[in-house]
Structures are given as structure tokens and as C-alpha cells.
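Novice: Need coordinates for the below:
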Amino acid sequence: MPWYQLEDANDPKLDELAKKYNLHPLHLEDARSGEEGVKVDSGRDYTFAVFKPVRLVPDPDNPGEQMPSFTPIDIFAGKNFLITIADPNCSTTEQALARARRDGDEEHPDKLVSLILDSIVDLYFPAIDHFDDRIDELEDKVFDEPSPEILQAVFAIKRELIEFRRVLVNTRDAALHLQRDPTTIIEVDNQPYVRDTYDHIARLLDSVETQRDLLNNTLDIYLSSVSNRTNEVMKVLTILGTIVLPVLAISGIYGMNLKGLPFEDSPHGAEWVGGITIVATAILLFVLRKLDWL
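Specialist: Below you'll find the model as predicted:
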């Protein structure tokens, strides 16, 4: 059985194969769009599938960090042929194809498709572990030094998890389609492998949901920490404002140039007023200490 491994959907070779194997124009359009989501569509003589392997690439917005990137792989699988269109620069795609070449049988394209899908799903687990590490790091930082950068990191991971979950949900639906649709390329003997892959996807989705909950908890902790810090600042400012009240009151009264004020004509009036101010402030500090405000 021939296995045609193309690197670009715009390769003229694909047009030749489309005529030879009667590939549907809509499937060719999906393969060449580059923006099609994960899907499985069964034609009359073949099965068309789009899968999205994930790889970790440098995050342009956060130097030193990595983010998941999805590169599609398009598959046309018939009873007597297999066509794969994959980016040769994607390491995870190459791993999936290499495993299919090593462990599969080119006489059974359904086995090759199930191996490619299983390898792609298995390579999702390291990305999940990467999210776990980033979330753990954020949880440590949010206690020690909550900052706007942490808030930005939380929202960035939430966006990445939303995209990851969307790919996983579509991949789960694709695996379910391969199991239940009798017109797909997958034969009965390889159905257990697809079911096993489906179970792995379900576990991955559970992990993503758990990580989203952890991120929400981290966000709540951040907001609580910021609120507590604001409360502490307001408490200090309130105490300082209360402490200077005697000084402001006494200085305000003597600053109005009223007649008949105590110690107005005394040569030591300034010393007396200063002493009274100090005593009043000391009494106020004593009262605040008793009230456990300090």
C-alpha cells in the first residue's frame, strides 16, 4: 500500500493524488486552509482527518517561558492508500509519524491512523505537566510577592488552557467518531486502540479542568492578597491621621489669632503649648494601644 508523505498542502502532488483517489474538493480546501479545527469526516472511499499535535515553543511575550503551539496534520486514509500532510519542522508531528512507520503496517492504513492519533494524544501529557509546573510556580509567587505580572501570567495561562481544551474536546469527538461510525477507516481489530486513546483524552480533559480550578483559586488568592495589602495601608494611614489630630487641633486654634487663649502672654507659651500637644498625643497613643489598634 502506498503511503504518500507530503510536507505542504499546496504541493501539486496533492492535486494528482486527488484525481487518482477521488478526494473531495472540500477536504482539499480544509487541508489547505491551515485554520481548520480537529475533525474526522468519512467519505465514500476514504476517511479524512485533521489532528493537531502540540509542541512547546518560546513565549514571545514572556522571555524564558514556553507556550503550547498546535500544528495541524492532515490525513487521507483509504483502504489501499494513505496520504499525510505534515510540517516537517514540528517535532511532535515527526515523532507521531516515526512511531507509525516503526510500529505500524503499511498494508493496514487504519492501524497507521490509530497509531498517529495515539502518539499525538500521548504527547499532550508533557504539555499538561508544563501547565502544572507553571501553575505551581504562580501559587508560590502569589503568596510571597503578589504583583500585576502574576495577574498577567494567570490570564495568559487561562487563555492557553481555553485553546488547549478546545483542541482536546474536538480530538475527543474525532476519536468517538472513529469508534462509532461504521464508514470510517478503522477496522474492528483496531477499535480497542482508539477506545484507549479516547480514555486518555478524557483524562487530559479532567486535568485541564483541574488546572482551570487551580488558576481560579490562584486568582482569588491574588485578589485577597491585594485587598489585604490595601486594608493594611489604609489602616496605617488612618492611624497616622488619628495620631496627628491633637497637633492639628491645637495648632489650628492658636493659629486663628484669637484673644484670651491660655499662655497667650506667657514668655514660655510656646513651650507650654508644645508640651500639651505632646501629652495629648501620648494619651491618644495609649488609648489606641489599649484598643489594640497598634
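Novice: Could you chop the protein up by domain?
Specialist: Taking automatic domain parsing as the criterion, the chain consists of the domains 3-230, 244-290.
Novice: Which of those domains has the highest mean neighbour count?
Specialist: Most buried of the domains of the chain by mean neighbour count (mean count of other CB atoms under 10 Å) is domain 3-230; its value is a mean of 17. Where C-beta positions appear, they are placed from N, C-alpha and C, glycine not excepted.
Novice: gap between it and the chain center?
Specialist: 15 Å (CA atoms, centre = their mean, to the nearest Å).
Novice: same question for it, mean pLDDT?
Specialist: Averaging pLDDT along domain 3-230 gives 87.
Novice: what about that domain, start to end distance?
Specialist: 65 Å (CA to CA, to the nearest Å).
Novice: Surely residue 262 is in a strand?
Specialist: No. Secondary structure of residue 262 (DSSP: H, G, I helix; E, B strand; the rest coil): coil, not part of a strand.
Novice: Distance of it relative to residue 250?
Specialist: Computed as CB to CB, to the nearest Å, the residue 262 to residue 250 distance reads 11 Å.
Novice: And residue 51, its phi and psi?
Specialist: For residue 51, the backbone dihedrals are phi -120, psi 160 (criterion: degrees, to the nearest 10).
Novice: first to last residue in stretch 176-191, what's the distance?
Specialist: First-to-last distance for stretch 176-191 - CA to CA - comes to 10 Å.
Novice: Stretch 66-74 now?
Specialist: Span of stretch 66-74 from end to end, CA to CA: 25 Å.
Novice: which ones are touching residue 186?
Specialist: 47, 110, 113-114, 178-179, 194 (CB atoms under 8 Å, 6 or more residues apart in numbering).
Novice: can you redo these as CSV with distance to residue 2 and secondary structure?
Specialist: As requested, the contacts of residue 186 are arranged in CSV below (distance: CB to CB, whole Å; DSSP: H, G, I helix; E, B strand; the rest coil):
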residue, distance to residue 2, secondary structure
47, 16, strand
110, 15, helix
113, 15, helix
114, 19, helix
178, 22, helix
179, 27, helix
194, 23, helix
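Novice: which stretches of the stretch 101-250 of the chain form helices?
Specialist: If DSSP state H, counting those that start in this stretch is used as the criterion, the helices of the stretch 101-250 of the chain fall at 109-122, 124-144, 148-180, 191-243, 245-254.
Novice: Relative to residue 55, which of these is closest?
Specialist: Distance to residue 55, taken as CB to CB, is lowest for helix 124-144 among those, at 8.2 Å.
Novice: Show me what the closest one is packed up against.
Specialist: The criterion is 3 or more CB pairs under 8 Å, 6 or more residues apart in numbering; DSSP states H and E, and the helices and strands that helix 124-144 contacts are strand 54-58, strand 66-70, helix 148-180, helix 191-243.
Novice: So what angle separates the directions of it and strand 54-58?
Specialist: Interaxial angle, helix 124-144 versus strand 54-58 (axes from the mean of the first three to the mean of the last three CA atoms, to 10 degrees): 40 degrees.
Novice: Report the contact partners of the spatially closest residue to residue 18 that is not a sequence neighbour.
Specialist: Closest residue to residue 18 apart from its sequence neighbours, by CB to CB, 6 or more residues apart in numbering: residue 28 at 5.8 Å. Residues counted as contacts of residue 28 (CB under 8 Å, 6+ apart) are 9, 14, 18.
Novice: Dump the residues you listed to TSV, plus distance to residue 90.
Specialist: Compiled in TSV, the contacts of residue 28 are given as follows (distance: CB to CB, whole Å):
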residue	distance to residue 90
9	14
14	18
18	24
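Novice: out of the residues you listed, who's nearest residue 231?
Specialist: Set against residue 231, the nearest of the contacts of residue 28 by CB to CB is residue 9 (58.1 Å).
Novice: Would you quantify the distance from the residue lying closest to residue 90 once chain neighbours are set aside to residue 96?
Specialist: The shortest distance from residue 90 to any non-neighbouring residue, by CB to CB, 6+ apart, is to residue 71 (4.2 Å). From residue 71 across to residue 96, the span is 11 Å (CB to CB).
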